[in-house]
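Peer 1: structure of the sequence below:
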Amino acid sequence: MFSAEEIRSDFKIFSRPENEGLIYLDSAATTHRPECVIQAEADFYRSNNANPLRGLYALSIRATDDYENARASVAKFLNAAEPAEIIFTRNASESLNLVAYTIGLSEVQAGDEVVVSCMEHHSNILPWQMVCNAKGAKLVWLECDSSAEISEQEIKAKINSKTKIVAVAQVSNVFGITNPIEQIASYAHKVGNGGKGAYVVVDGAQSAPHKKIDVQALDADFFAFSGHKLCAPMGIGALYGKKHLLEKIPPFLRGGEMIEYVTRETATFAEVPHKFEAGTVNAGGAVALAKAIEYIQGIGLGNIEKNDDSLAQTMIEGMKKIPYLHIIGNNDYKKHCGIVTFTIDGVHPHDIASILDTEKIAVRAGHHCAQPLMQKLGVGSTARASCYFYNTQQEVEVFIEKLKLVRRWMGFKE
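Peer 2: You can find the predicted model right below:
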């Protein structure tokens, strides 16, 4: 098991004078980057900066090798069958839009159904609303129970022969709950689309940084994640897609590099995955993403999961002792993936975040880009604390002690 105290020296942001004493509990929004990741991106631009895939000279060839080696690293990280199943994007949102604008608009027809869960991030709702509105299809919601879980009964009630696409987050960014993707995929592939099988799209933005991902075992048709949530730079992400599906769907963006041949009237597109990577790519970001994957694999995703559970246990047990505080979701700390969302009676979540900020504790407050879920829960917004492997038990304990004082600081008499 790694030591959070020891690895914090890899993250220079914590040693900056302006961040002295910072307790950062907002990693579900974005993580920090270790020095080796920042260095990897800088080294690419210092040593191998050239436009990949286009040049026949040595520098461009090195840039191409770096870029394609990064693709291979992501493929191995997700256990994709081959690197060609990995498309580089800016983030999970772009990846999900890519699927919606390609297979969604080309495959969904009037009368079809697209199934999403009630706990989806807006990035996995709005693209499917667009598809349904454009094609005359119906958006169907998988509802969770009082424990924030989607039951087998609900899966079988909502996925049927009319279902063309099922789009679900593997881990909720509000509840931290891990959804039963294997079960959903198995049933969707069995009964969806008139028995031919529905397409299963997985938002892995919150799961990829915390769990070992095996897209083949999940049997996901598509899997999206963002680099910035797993210690990589902002502006780089990836989409996994089964190769036979990527080969049959049209490109998302059109322009340079994604073509094989162009005439005045027609174009022949490049092979997968380059068919989906129009224009100059974020090669430096891809290289840094590969380094981030190497870094967290060095720590061990199994160790990260254990640390998530340990910190969540401390947090939830402490919160349960605070009057007027309500944990949103499951009370089992093992079902939170390091994410704990909560409210405090009489105190707006924005005030909770602002008060904690004066104590140098960073938490998120708002609807967390999950307004349909907030509406279901009957709350306008919540506060959210989210941990990662660089957080310590001592930080969580300090956080709990400060939480106990929030109502008093707001003028309430206990």
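Peer 1: count of neighbours near P180?
Peer 2: Neighbours of P180 under the rule other C-beta atoms under 10 Å: 17. To be clear about C-beta, it is placed using only N, CA and C from the backbone, and glycine gets the same treatment.
Peer 1: again with L403
Peer 2: If we define neighbours as other C-beta under 10 Å, then L403 has 24 of them.
Peer 1: just Y261 next, same as before
Peer 2: Around Y261 there are 9 residues (other C-beta under 10 Å).
Peer 1: helix or strand: which one has it?
Peer 2: strand 259-262 (DSSP states H and E).
Peer 1: got a list of contacts for whichever helix or strand comes after that strand?
Peer 2: Next helix or strand after strand 259-262 toward the C-terminus (DSSP H and E): strand 267-269. By C-beta atoms under 8 Å, 6 or more residues apart in numbering, the list of residues contacting strand 267-269 from outside reads P251, R254, M258, I259, E260, Y261, V262, K275.
Peer 1: and which of those residues is nearest V363?
Peer 2: Using C-beta to C-beta, P251 is the member of these that sits closest to V363, with 40.3 Å.
Peer 1: next, the contact list for the residue lying closest to the closest one once chain neighbours are set aside, please.
Peer 2: Excluding its sequence neighbours, the residue lying closest to P251 (C-beta to C-beta, 6 or more residues apart in numbering) is K275, at 5.1 Å. K275 is in contact with L246, P251, M258, F269, counting by C-beta under 8 Å, 6+ apart.
Peer 1: grab the nearest non-local neighbour of the third one.
Peer 2: Meaning M258. Using C-beta to C-beta, 6+ apart, the closest residue to M258 is A278 (4.3 Å).
Peer 1: residues near that neighbour, how many?
Peer 2: The burial count for A278: 18, using other C-beta under 10 Å.
Peer 1: test my guess that it contacts A270.
Peer 2: No - if you go by C-beta atoms under 8 Å, A278 and A270 don't touch, sitting 9.7 Å apart.
Peer 1: what's the overlap in contacts for those two?
Peer 2: Shared contacts of A278 and A270, counting by C-beta under 8 Å, 6+ apart, come down to E257, M258.
Peer 1: before we move on, back to that, ok, the contacts of K275 vs E294, which is closest?
Peer 2: Nearest member of the contacts of K275 to E294, counting by C-beta to C-beta, is L246, at 25.5 Å.
Peer 1: tell me who's in contact with the closest residue to the closest one other than its chain neighbours.
Peer 2: Using C-beta to C-beta, 6+ apart and skipping the chain neighbours, the partner closest in space to L246 is V272 (4.4 Å). Residues in contact with V272, defined by C-beta under 8 Å, 6+ apart, are A84, E85, K243, L246, E247.
Peer 1: closest one of those to L325?
Peer 2: Taking those together and measuring to L325 by C-beta to C-beta, the closest member is E85, at 44.2 Å.
Peer 1: list the contacts of the closest one.
Peer 2: E85 neighbours (C-beta under 8 Å, 6+ apart): A75, Y240, G241, K242, K243, L246, V272, P273.
Peer 1: quick check: A100 touching I125?
Peer 2: No - A100 is not in contact with I125 according to C-beta under 8 Å; the separation is 10.4 Å.
Peer 1: these two: who's more crowded?
Peer 2: When A100 and I125 are compared for neighbours, A100 comes out ahead with 25 against 22, by other C-beta under 10 Å.
Peer 1: count the residues that sit near the nearest residue to the more buried one once chain neighbours are set aside.
Peer 2: Spatial nearest neighbour of A100, excluding adjacent residues (C-beta to C-beta, 6+ apart): P127 at 3.4 Å. Each residue near P127 was counted by other C-beta under 10 Å, and the total is 23.
Peer 1: pretty sure P127 sits in a strand.
Peer 2: No - counting by DSSP: H, G, I helix; E, B strand; the rest coil, one finds P127 to be helix, located in no strand.
Peer 1: I'd say it and L105 touch.
Peer 2: No - shown here, P127 and L105 do not form a contact pair, counting by C-beta under 8 Å, at 10.0 Å.
Peer 1: tell me what A385 is bridged to.
Peer 2: Taking DSSP bridges as the rule, A385 bridges to V340.
Peer 1: tell me who's in contact with it.
Peer 2: L25, D26, M315, I339, V340, T341, F342, V363, R364, F399.
Peer 1: so of those residues, which ones are in helices?
Peer 2: Mapping these onto helices (DSSP state H) picks out M315, F399.
Peer 1: between the contacts of A385, which is nearest D308?
Peer 2: Checking these one by one against D308 (C-beta to C-beta), the nearest turns out to be I339, at 8.6 Å.
Peer 1: which residue is the nearest non-sequential neighbour of that closest one?
Peer 2: The nearest residue in space to I339 (C-beta to C-beta, 6+ apart) is G176, at 3.2 Å.
Peer 1: part of a helix, is the one you found?
Peer 2: No - according to three-state DSSP, G176 belongs to no helix; its state is coil.
Peer 1: and it, how many residues sit next to it?
Peer 2: 27.
Peer 1: what about the helices in the stretch 301-414 of the chain?
Peer 2: 301-319, 349-358, 371-377, 393-403, 406-409 (DSSP state H, counting those that start in this stretch).
Peer 1: longest helix anywhere in this structure?
Peer 2: Max-length helix for the chain by DSSP H is helix 58-78.
Peer 1: and the contacts of whatever helix or strand comes next after that one?
Peer 2: Sequence-wise, the next helix or strand downstream of helix 58-78 (DSSP H and E) is strand 86-89. Residues outside strand 86-89 that contact it (C-beta under 8 Å, 6+ apart): 70-71, 74-75, 78, 80, 95, 98, 224, 236-241, 246, 273, 276-277, 281-282, 286.
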